[in-house]
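Chemist: Got a predicted structure here, sequence first:
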Amino acid sequence: MSATLGRNGNGMADQQVPPRRDEHGQDPRPYPRSRRPHPHPGPRPHHAAPYPGPQPHHAVGYPGPPPPPDVDPYAQDGRPQWIGPDGYGVPPMPTGGPSDPDGGDDGGRRVGRRRALAALGGTAAVVAGGAALAMTPQVRGLLGGGAAVAGDATGTTTTDGTSARPSGQRPSTVRTYTEQNESYMGSRAGEVLKKNAPTGGRVYSGPAQAAAETKVTVKTALSKDPAVHLARRLTFGPTAAVLAEIKQRGIDGWVRWQLEPEKIAPTRAELKLAELPTLKLSVEELREQRDQLNERGAQPEREMVDATVARQIWSDRQLFEVMVDFWNDFLHVAAEFDGGEVYRNSFDRDVVRKHALGSYPQMLLAANRHPALLLYLNQVDSRADAVNENLARENLELYSVGVDGGYTEADVRQAALLQTGRGVQDGAYVFRPDRHYVGKVKILGFRHANDSADPKRAEAAIDAYLTHLALHPSTAKYVAQNLAVRFVSDTPPKSLVDRLARTYAANHGQIKPVLMTLFSSSEFWAAVGQKVRRPLEYLVATYRTLGVSPDAAPDHDNGDNRRTPYARGLRQISDKLRELGHHPMGQPTPDGYPDVYVAWTSAGTMVNGWNEANELLAANRTVFTHTRPEKLLADPPASAGAYVDALARRLVRQKLTDRERALILDVAGVSAGTRVDATFDGAITAVARAILASPQHHLR
């Protein structure tokens, strides 16, 4: 993102979101009577209903200069005030023009208003931060009513700079945005974590050899069992079944098995996802059935989140689900943006899941033709004479080379010009030649004549640019860095990042070879205990280790004929994750969730997670079937100390330290030699909850 990340009292990034859009890419609200942007950014409230009507608007997303308080951003004739080097003024722009971004020709004054919205950025001075580019008269006239005249964006005078980010300077130099993981790791806690990072390593012939040859030297509370370490990192939490599978197949065989998810049979819980009625509906069907779904209380974007949680807990395709979660943070589109109820499910299925273990260049190309991304980042508003730069900027800053990838503001502007013409109509991607900028571009080493608005040639130019981005050396490094942070440590060694980047480049952005290099590297196996579970990861791991079943308990009272117990149970989990501030695709801004420990340090969140573990142990959610805590062990030992040891091996896959064991015995008010029954003399729930609050369950 282009905004400096703020922090609030809960340790979460301040939330700012793109403006509301209907499925046509238009803002459904009436124009504000004052015609002035709201000056204060703020978070969009969560949907209270499946398909809500207009919500109160905030100037949101990205910082931008509002008009002076005494200036109406619209002239009396409906033309936009132009943001130029001298401030606000009326440009020589005709009021007529082509049709609106996704609905028929409106003509006259209304079209002028919509062009004004595009130029000034919706009801704010910028549309979610995409500055309306002040261009030369030649460029401004491209859509003036005649045929497009080829321009030359490489020589366009820059007029859209600010004192915070002057035109033509690298964002990383100006520092209006600090990459979030790096900003967190620059803290005092981050400096402590860095001391545990290995300084170097090497790659072996395969994961098994790397595991056997690597000596773990870091201090950690976790056991150094390679199978458990592998399960902690490549799944959402070890289970007895996962560890048995690793033992049976061997480390190399299990990793290869996980890298071919299409060959892994769906579990019963995955088959039960048929109980979520919107999950398999196409965009067209979701649009046609909106009213009926609304009457039934079905919310497509929320059911997609529910299904994601179900797969994380119960799917055997665990590495695939970990990678889906990774890409949903890396190439992030929020689940609940305006339009998400129609388009986000398709983005999950046709972009992220389709390419999660495939080609990142293909994923980026697919994303940039998908209505979800085009609406989320306002590309539908962008046209040659009123350019919105949101998607162009995030393609560079978040989705490819990264904020320090070497691009300039001039690169952002030219990319934004090149990408004009892409939009959404009748629920589908469409290219509009009359809105495409024609003229030479030069972007981060990519050059193209871009001399035609013919759809085939113009789209080929855009795709060539995006492919160039996806295969850029800075992208290779950026993807490698993020993968190393996800799987190895918050401060991965440069040796590993460089190795992964070389593999990415050599394999043209294919992900499986990069992962195999990662899992065959000594740095991966040396980093036992160097990752802390984020709130979602903690809760999902708790469900997995307690063996919660997706079937309703025998004593469950349905009480809701519209939704099955399974569907309601999944919604309860996702609601709890919302409460914890971490649910799938929940970050409203395009940067996704941070993946480092110090971004999530919150006593309140930790206690809330422990309380949820207590709910599961108490079997209070009858929508699922729970194993009673006294039944977690088939044959519990008779002495308290031995019972704690056995229960720890069952829940966290290892013994606790002597100190931790003593603390848990204190919770029950007994000594190690005290004889106890299967209920731990009535204290079994408290004992199990204390084990699930231990470092051994928080670390992965």
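Modeler: Thanks, I have the structure now. Since we're looking at a predicted model, the values are computed, not measured.
Chemist: going forward, measure contacts between C-alpha atoms and count neighbours the same way
Modeler: Fine.
Chemist: And Arg256, which helix or strand is it part of?
Modeler: Arg256 belongs to helix 240-258 when assigned by DSSP states H and E.
Chemist: which strands and helices sit next to that helix?
Modeler: On a contact count with 3 or more C-alpha pairs under 8 Å, 6 or more residues apart in numbering; DSSP states H and E, helix 240-258 meets helix 207-213, helix 226-234, helix 318-330.
Chemist: centre of the chain versus stretch 508-528, how much separation?
Modeler: Counting by C-alpha atoms, centre = their mean, to the nearest Å, stretch 508-528 is centred 21 Å from the centre of its parent chain.
Chemist: Would you mind measuring from Ala668 to Pro535?
Modeler: Distance, Ala668 to Pro535, using C-alpha to C-alpha, to the nearest Å: 27 Å.
Chemist: neighbour count winner among these two?
Modeler: Shown here are Ala668 and Pro535; by other C-alpha atoms under 10 Å, Pro535 has more neighbours (23 against 18).
Chemist: so what's that one scoring on pLDDT?
Modeler: At Pro535, the pLDDT value in this model is 96.
Chemist: do the one 5 residues further on as well
Modeler: In the prediction, the pLDDT value recorded for Val540 is 98.
Chemist: Number of residues surrounding it?
Modeler: Counted with other C-alpha under 10 Å, residues neighbouring Val540 total 21.
Chemist: Which strand or helix spans it?
Modeler: Assigned by DSSP H and E, Val540 belongs to helix 535-545.
Chemist: so which strand or helix has His697?
Modeler: Under the assignment here (DSSP H and E), His697 is part of helix 695-698.
Chemist: Repeat that for Tyr429.
Modeler: When elements are assigned from DSSP H and E, Tyr429 belongs to strand 428-431.
Chemist: for the helix or strand just after that strand, packing partners?
Modeler: Per DSSP H and E, the first helix or strand lying C-terminal to strand 428-431 is strand 439-443. For strand 439-443, the elements it packs on are strand 151-152, helix 409-418, strand 446-448, judged by 3+ C-alpha pairs under 8 Å, 6+ apart.
Chemist: send the alpha carbons of stretch 617-634 over as CSV?
Modeler: Taking C-alpha atoms only, stretch 617-634 is exported to CSV below (Å, rounded to 0.1, in the frame of the first residue of the first chain):
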residue,chain,number,x,y,z
LEU,A,617,-12.8,-28.7,25.8
ALA,A,618,-16.1,-28.1,27.4
ALA,A,619,-17.9,-29.2,24.2
ASN,A,620,-20.2,-26.2,24.4
ARG,A,621,-20.5,-26.0,20.6
THR,A,622,-22.9,-28.9,19.8
VAL,A,623,-22.8,-28.1,16.1
PHE,A,624,-19.7,-30.2,16.1
THR,A,625,-18.7,-33.4,17.9
HIS,A,626,-16.0,-33.0,20.5
THR,A,627,-13.9,-35.5,22.4
ARG,A,628,-14.4,-35.0,26.1
PRO,A,629,-11.1,-34.0,27.8
GLU,A,630,-11.2,-37.1,30.0
LYS,A,631,-11.4,-39.2,26.8
LEU,A,632,-8.4,-37.6,25.1
LEU,A,633,-6.2,-40.4,26.4
ALA,A,634,-7.5,-44.0,25.8
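Chemist: I would like the residues contacting the helix holding Arg256, please.
Modeler: Contacting residues not belonging to helix 240-258 are listed as 206-208, 227-228, 231, 263-264, 317-320 [C-alpha atoms under 8 Å, 6 or more residues apart in numbering].
Chemist: filter those residues to the buried ones?
Modeler: Among these, those classed as buried by 16 or more other C-alpha atoms under 10 Å are 206-208, 227-228, 231, 317-320.
Chemist: nearest to Asp658, of the residues you listed?
Modeler: The nearest member of the buried ones among the contacts of helix 240-258 to Asp658, counting by C-alpha to C-alpha, is Val228 at 20.7 Å.
Chemist: now that closest one: how far from Ala244?
Modeler: Between Val228 and Ala244 the computed distance is 11 Å (C-alpha to C-alpha).
Chemist: and if you look at Ile684?
Modeler: In terms of C-alpha to C-alpha, Ile684 sits 27 Å off from Ala244.
Chemist: So for these two, which residue has more residues nearby?
Modeler: When neighbours are counted by other C-alpha under 10 Å, Ile684 and Ala244 differ, and Ile684 comes out ahead with 24 against 12.
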